[in-house]
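# Take a look and give me a structure for this.
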Amino acid sequence: MCCTSLAASSPPATCSGGCASTTRSRTRQGSDATSLRKDVATLGLIWLTAFNLRVLLFAIPPTLPAMRADLGLSYFATGSITSVAVLALGIASIPGALLATRFGARRLVTACAAGLAIFGAAITLPPGAFWVFAGAALLTLSIAIAQPPLAVLIRRWFPASITRASNLYANGLLMGNVLGASLSPFISQVIGWRAMFLVWAAVAAIGALLWA
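Reported below is the predicted structural model:
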């Protein structure tokens with residue numbers, strides 16, 4: 001009877017250990033899956049942010065003829081729009097790194113992502129020429145300030161796979177260049193240059209909301 005009792009009591013002990021092991025395994029798998037989804041979402045946000053850092057900037061040059069015709073700008077004034085943008089881009093690149101140290105990289109990128117949407121849309125505001133120049137300058141300031149802290153976040157979030165994350169970031173920049181320069185003229189012809197900037201500003205707004 002004693003042997004029978006021992007035999008009957010043995011399986012539950014074995015099952016208890018096996019169940020605990022299975023539970024730990026499932027917990028690890030669930031944790032790995034959650035971590036993977038988080039990494040994919042973060043990489044997607046980095047790509048979208050990089051895209052937004054270029055698409056509005058490269059949408060400006062191909063739409064300058066439409067702006068000039070609509071606003072009655074001289075050729076000199078029209079060419080100065082890109083000059084102002086390039087100047088602002090150069091001026092703000094160094095302060096971007098200092099501001100990231102002062103206010104925090106993530107907070108600064110979030111603010112600049114919002115700036116892309118706000119100032120990209122501001123280009124379309126009346127009375128016209130003023131906001132084209134001001135919007136372009138403030139837009140490129142946001143771009144220049146955002147780039148150093150975004151690089152900091154990439155190194156911080158993906159120390160073991162920084163090459164992959166950096167390549168994805170570079171791809172976002174490239175696609176922003178290509179699509180901003182190639183699609184913007186066609187979109188402008190269909191819905192007008194102001195509406196075209198609002199389309200790209202809406203995409204930037206989505207990125208800003210994801211950072212918030």
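
# Show me the helices in this structure, by range?
For the chain, applying DSSP state H gives helices covering 2-59, 64-71, 75-103, 105-122, 129-157, 162-191, 193-211.

# where does this protein dip in pLDDT?
For the chain, applying pLDDT under 70 flags the ranges 1-33.

# change it to 50
1-11 (pLDDT under 50).

# Residue nearest the middle of the protein, spatially speaking?
residue 49 (1.2 Å; C-alpha atoms, centre = their mean).

# any idea how far that residue is from residue 85?
From residue 49 across to residue 85, the span is 19 Å (C-beta to C-beta, to the nearest Å). In this view, the C-beta of every residue, glycine as well, is placed from N, C-alpha and C.

# which residues touch the closest residue to the residue nearest to the centre of the chain other than its chain neighbours?
Nearest residue to residue 49, sequence neighbours excluded (C-beta to C-beta, 6 or more residues apart in numbering): residue 207, at 5.4 Å. In this structure, residue 207 makes contact with 45, 48-49, 52, 113, 116-117, judged by C-beta atoms under 8 Å, 6 or more residues apart in numbering.

# just the buried members of the residues you listed?
With burial judged by 16 or more other C-beta atoms under 10 Å, the buried subset of the contacts of residue 207 is 45, 48-49, 52, 113, 116-117.

# Name the nearest of these relative to residue 171.
Residue 171 lies nearest to residue 48 out of the buried ones among the contacts of residue 207, by C-beta to C-beta, at 11.3 Å.

# Confirm for me that that closest one is in contact with residue 171.
No. Using C-beta atoms under 8 Å, residue 48 is not in contact with residue 171; the gap is 11.3 Å.

# could I get the buried ones among the contacts of residue 207 as JSON lines with distance to residue 136?
Shown next, in JSON lines, are those (distance: C-beta to C-beta, whole Å):
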{"residue": "45", "distance to residue 136": "25"}
{"residue": "48", "distance to residue 136": "22"}
{"residue": "49", "distance to residue 136": "20"}
{"residue": "52", "distance to residue 136": "15"}
{"residue": "113", "distance to residue 136": "18"}
{"residue": "116", "distance to residue 136": "12"}
{"residue": "117", "distance to residue 136": "15"}
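
# Now for these: which two are most distant?
45 and 117 (14.7 Å).

# quick one, what contacts residue 208?
Residue 208 is in contact with 110, 113-114, 116-117, counting by C-beta under 8 Å, 6+ apart.

# hmm, 10 Å instead?
Residues counted as contacts of residue 208 (C-beta atoms under 10 Å, 6 or more residues apart in numbering) are 49, 52, 109-118.

# I'd like to know how far it sits from residue 111.
Relative to residue 111, residue 208 is positioned 9 Å away (C-beta to C-beta).

# again, but for residue 198
The separation that residue 198 has from residue 111, given C-beta to C-beta, amounts to 21 Å.

# Also residue 124?
21 Å.
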